[in-house]
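Enquirer: pasting the sequence and the predicted model now:
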Amino acid sequence: MSISFIIISMIILLGAAAAVSFSNLIHCALSLAVAMVGLAMLYLHLGAEFVGFTQVLVYVGAVSIVVLFAILLTRPAPFSPGVHVPWHGRVTGILVAGLVAGMLVGAVLGTPLTSHVGQRVITVKQIGMELMTTYAAPLEIVGLLLTAALMGAVILAAPENGEKKP
Amino acid sequence: MIQPLHACLILSSLLFCIGLAGVLARHNTILMLIGVELMLNAANVNFIAFWRYGAWAGQSAGVMFAIFSIAVAAAEIAVGLALVILIFRHVRTTSIDRVDGMKG
Amino acid sequence: MLGTGIIRGLVVTARNFLGSFYDRRRFVTVFYPEQKVEMPERFRSFPFLVYDGEDAVRGLRCVACKICEKNCPPQCIYIVQQRDEKGKPLKHPAVFDLDISVCMSCGICVEVCPFDSIKMDKVFEVAESARFEKLLFGKAALSKSNAYYRSVSPADAGETDARLEEEKKAAAAKAQAAAQKKSAAQAQEPQ
Amino acid sequence: MNELFSEWVRRAVETLSEMLRNPDQAPVVGKAFIVSVFPEFLQGVVGAFISIAALISVFGGLFALLTLMERKGLGRIQNRPGPNRVGPFGILQPVADGLKMLTKEDIVPFRADAFLHFIAPVILVMMSLLTLAVIPYGRNMAPIELDSALLFFFAAGACTELAVFLAGWASRNKYSLLGAMRAIAQMISYELPLLLASFSAVLLVGSLSLVSIVDSQGGFMLGVLPKWNVLTPWGFVGFIIFMIGAFAESNRSPFDLPEAESELIAGHLTEYSGFKYALFFMAEYIGMLAISGLAVTLFLGGWHAPVPFLGWVPSYCWFFAKLLTLACFFIWVRATLPRLRADQLMALAWKCLIPLSFINLGVTVFWHYSAAWSFAMALPARWGIAFLALAVPYTFLARQLGTKKTFARRTYRFAE
């Protein structure tokens, strides 16, 4: 565990905590982007260069933007009654999450695991080769899934026939 | 001194629980999707950590899994947000408590 | 079609770029404070008062008739007639103020002036540091000699001068005729 | 102490003479010398800082030069002299501009999100500068040699979208938000053709590393023609698609809809003034230079000399000469083409460029596998097939983009 790891973990955890706790949704989405950049830094720190850059490209460049667009498209109407969130719901949620966290951390600490020391790198060429040989079938399926998701999203979000644009 | 693999796993479990807390405690559908994203990414951290610190050298399964997971998460958020926008069009709100028209 | 228009456009701009270096006709920019464009004959900026001869006060053609003041659309002229000690009005303005921040350079004052005493100037660099005081021109600042008027707009000035000369001659002839008539009448009377 | 100093002087003189003898590697040698002065544990950090300082000073200078060139060039194209008051022929104009920007008041709108309003230009400039890190500027002169350099470039570029959104949203201004939305829609749409066009170069080299992509373009065909990617059918089409995408990505005219001043005031820049505005301006120019640098690297042979007998000119000179040529092309196009309409912009990206770049990828594959052909007319045959495969779809795609309406000749009531 090094100083850089601690700093990166702080960025990730603070970003994530901010992403679920701000009241302004735009701030939440931006904090999500910060957490994602932190995760990319963690991947780079661990030597997975390709995954780190893909993380930035997909999450910061695409997912955050889509979330922001969705937030701006779903503004509540002015003077709509505010959503009253019962306090016990919140407390229960946080309590359950805290319990799960305690359980997971206890389980991790209780498991004897040895860490492999020394560098481990994977080149883009290796990844490409693996994707085209061992993981060819999953790659095709993911391609299909993405296409289906794209078409599904367009059909879902497109205005229906005859419906006037909001 | 805590081992690097343990540190990564603790980080990922904390991240998972932040996501879980977001899903359970917030009532906005978009925020719940954000929480789900965080949980998915916690899983990714585990994959990369085991790839990096695991004892089985020479295998790329962890990285591959992370890449596929990112691709699937992108698809998930696209469909999820499309659903949110669709629901918003019908009930003019993104609060999960108001979307209770389907009582079984 | 097929993107050839883009290439044609690029050629046009490239020819402009190269042409601006060797073709003086393309390159029309004037380096303003150092070089100035010759203003056209009928260019006009703000009115000024014409005086004859050398003395700016005694030669002033203005008789304070206030026709320009009444006709000015934005009402930027303010005139006070001069009076002698007994309060009898004189044919001379005591105050002639012209607010050029209000003036719209329409030239109506010039059209209506029966004495050819107000004319349009060609000075346009009148920027000042104060908004109200310095842009309100008084009688002294407005008075300019007929020679100056002839220098800024020679054609108009020549025509005006000729007409004034003519009128003067006519007036003189009339006066002479009147004098002759009078003397003839006087000559007749004793008979 | 004295001995140590004399040793240091001796090594400095040696380094200088080495730099003079071999100007091609002079920056590398100089950097190695400066790094060697520092103790072992600091060397990595110092090396990085030297690269950063060199990049910022060179590209800061290029930014200043480019603003001047743009204003002078646009002026000449519009038959006027351009700035000519500050210094001889106006060459000190960038200094005057910078001073003006620095001394202007920094205004933050009353209801704006002050922190995000501040951080947006900072992120934008940071990400634009980050993209410069992976471009090979000369032989052995890439600041960072990454295995997935191209991916890094696009990942850093993707972050600029977020910064633009931040700027637009944090300003609390309708025009800003509209401009930011347009900017994001445009950047996302044009990232696809940009990526697909650059993948054709990646496909042939088999690496995302920009250094190896440049290395693969060294050497000459038939002794005279450089082996640049742009001189192949797929490379030529890829280069054109890449440049169109680059114009859109850097928000330059004719794709400057996000800051269309006639309809959106200044888009996401509306509420920015003073130094923050200068940062946006700088980010735009650095982004333009970075993407031109990527175009040079991918298609124009990077730092390789165009003719064999000029190989003695230092490699970085060639790189920057090509970079400035592309930058001048950006200015030239800005002076020529009018701004596109929003629907035309999207139609161009999705209906023309993306299909064409997919076809281009196919042609690249064909080019790769037909390299083994050995019959007599192999080269003309390859060229012919590749040309047909690209020209026929292009004709259809471009025709479908063009308007089918014919306009009556306009008459003006009061003119002539």
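Expert: Structure's in. What do you need? Given the structure is predicted, the values throughout are model-derived calculations rather than measurements.
Enquirer: low-scoring pLDDT stretches of chain C, where are they?
Expert: The model of chain C has pLDDT under 70 over residues C:1, C:190-191.
Enquirer: point me to the residue of it nearest chain B.
Expert: Closest approach between chain C and chain B, counting by Cβ to the nearest Cβ: residue C:3, at 33.7 Å. No exception for glycine: its C-beta is placed from N, CA and C like everyone else's.
Enquirer: what residues does residue D:166 make contact with?
Expert: Shown in contact with residue D:166 (Cβ atoms under 8 Å, 6 or more residues apart in numbering or on different chains): A:30, D:116, D:119-120, D:123.
Enquirer: what's around residue B:95, how many residues?
Expert: 17 (other Cβ atoms under 10 Å in any protein chain shown).
Enquirer: next, it: phi, psi?
Expert: Main-chain dihedrals, residue B:95, degrees, to the nearest 10: phi -80, psi 140.
Enquirer: hang on, isn't it packed against residue B:28?
Expert: Yes: contact criterion Cβ atoms under 8 Å: residue B:95 and residue B:28 qualify, at 6.2 Å.
Enquirer: quick one: contacts for residue A:140?
Expert: Applying Cβ under 8 Å, 6+ apart, no residues contact residue A:140.
Enquirer: residue C:94: neighbouring residues, count only.
Expert: Neighbours around residue C:94, by other Cβ under 10 Å: 13.
Enquirer: which SSE is it in?
Expert: Assigned by DSSP states H and E, residue C:94 belongs to strand C:89-99.
Enquirer: who in chain C is up against chain B?
Expert: Nowhere does chain C come near chain B, counting by Cβ under 8 Å from any Cβ of the partner chain.
Enquirer: can you give me the helices in chain C?
Expert: Secondary structure of chain C (DSSP state H): helices at C:4-22, C:67-71, C:108-112, C:139-142, C:146-152, C:154-188.
Enquirer: let's have those helices in CSV, adding mean neighbour count and distance to residue C:47.
Expert: As requested, the helices of chain C are exported to CSV (neighbours: other Cβ atoms under 10 Å in any protein chain shown; distance: least, Cβ to Cβ, whole Å):
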stretch, mean neighbour count, distance to residue C:47
helix C:4-22, 13, 40
helix C:67-71, 17, 8
helix C:108-112, 15, 5
helix C:139-142, 17, 8
helix C:146-152, 17, 11
helix C:154-188, 11, 13
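Enquirer: so where's the stretch 301-416 of chain D shaky on pLDDT?
Expert: The stretch 301-416 of chain D contains residues with pLDDT under 70 at D:403-405, D:412-416.
Enquirer: can you pull the residues of it lying near chain C?
Expert: The stretch 301-416 of chain D has residues D:332-333, D:335-337, D:394-395, D:398-399, D:402 near chain C, with proximity defined as Cβ under 8 Å from any Cβ.
Enquirer: show me these that map onto helices.
Expert: Counting by DSSP H, the part of these found in helices is D:332-333, D:335-336, D:394-395, D:398-399.
Enquirer: just give me the neighbour total for residue D:10.
Expert: Per other Cβ under 10 Å, the neighbour tally for residue D:10 reads 10.
Enquirer: what's the answer for residue D:189, then?
Expert: By other Cβ under 10 Å, the residues close to residue D:189 number 19.
Enquirer: and it, backbone torsions?
Expert: phi -70, psi -40.
Enquirer: looking at chain A, which residue is nearest chain D?
Expert: residue A:61 (2.6 Å).
Enquirer: which SSE is the closest residue to residue D:290 other than its chain neighbours in?
Expert: In space, residue D:290 comes closest to residue D:131 once its chain neighbours are excluded; the distance is 4.3 Å by Cβ to Cβ, 6 or more residues apart in numbering or on different chains. Per DSSP H and E: residue D:131 is located in helix D:114-131.
Enquirer: name the residues of that helix that are buried.
Expert: Buried residues in helix D:114-131, defined by neighbour count with 16 or more other Cβ atoms under 10 Å in any protein chain shown: D:116-117, D:119-121, D:123-131.
Enquirer: pLDDT (mean, whole number) over that helix?
Expert: Mean per-residue pLDDT for helix D:114-131: 90.
Enquirer: show residues contacting it.
Expert: Here helix D:114-131 makes contact (Cβ under 8 Å, 6+ apart) with A:30, D:55-56, D:59, D:108-109, D:153, D:156-157, D:159-160, D:162-164, D:166-167, D:169-171, D:271-272, D:276-277, D:279-280, D:282-283, D:286-287, D:290-291, D:294.
Enquirer: is chain B within reach of whichever strand or helix holds residue D:187?
Expert: Per DSSP H and E, residue D:187 falls inside helix D:174-205. No: using Cβ under 8 Å from any Cβ, helix D:174-205 stays clear of chain B, coming no nearer than 12.7 Å.
Enquirer: do that helix and chain A meet?
Expert: Yes: using Cβ under 8 Å from any Cβ, helix D:174-205 reaches chain A at D:177, D:181, D:184, D:188, D:191.
Enquirer: could you list every helix and strand in contact with that helix?
Expert: Helices and strands touching helix D:174-205, by 3 or more Cβ pairs under 8 Å, 6 or more residues apart in numbering or on different chains; DSSP states H and E, are helix A:64-73, helix D:149-170, helix D:210-215, helix D:233-249, helix D:261-264, helix D:274-299, helix D:342-347, helix D:354-370.
Enquirer: what would stretch D:88-107 look like as PDB? C-alpha coordinates only.
Expert: Listed next in PDB are the C-alpha coordinates belonging to stretch D:88-107 (Å, rounded to 0.1, in the frame of the first residue of the first chain):
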ATOM      1  CA  PRO D  88       6.900  46.200 -36.300                       C
ATOM      2  CA  PHE D  89       4.100  44.700 -38.500                       C
ATOM      3  CA  GLY D  90       2.100  44.000 -35.400                       C
ATOM      4  CA  ILE D  91       4.200  41.100 -34.300                       C
ATOM      5  CA  LEU D  92       3.800  42.000 -30.600                       C
ATOM      6  CA  GLN D  93       0.000  41.800 -30.900                       C
ATOM      7  CA  PRO D  94      -0.200  38.500 -28.900                       C
ATOM      8  CA  VAL D  95       1.600  40.200 -26.000                       C
ATOM      9  CA  ALA D  96      -0.900  43.100 -26.100                       C
ATOM     10  CA  ASP D  97      -3.800  40.700 -26.300                       C
ATOM     11  CA  GLY D  98      -2.500  38.700 -23.300                       C
ATOM     12  CA  LEU D  99      -2.000  41.800 -21.200                       C
ATOM     13  CA  LYS D 100      -5.500  43.000 -22.100                       C
ATOM     14  CA  MET D 101      -7.000  39.600 -21.100                       C
ATOM     15  CA  LEU D 102      -5.000  39.500 -17.800                       C
ATOM     16  CA  THR D 103      -6.100  43.000 -16.700                       C
ATOM     17  CA  LYS D 104      -9.800  42.600 -17.500                       C
ATOM     18  CA  GLU D 105     -12.300  42.200 -14.800                       C
ATOM     19  CA  ASP D 106     -13.200  38.600 -14.000                       C
ATOM     20  CA  ILE D 107     -17.000  38.500 -13.800                       C
END
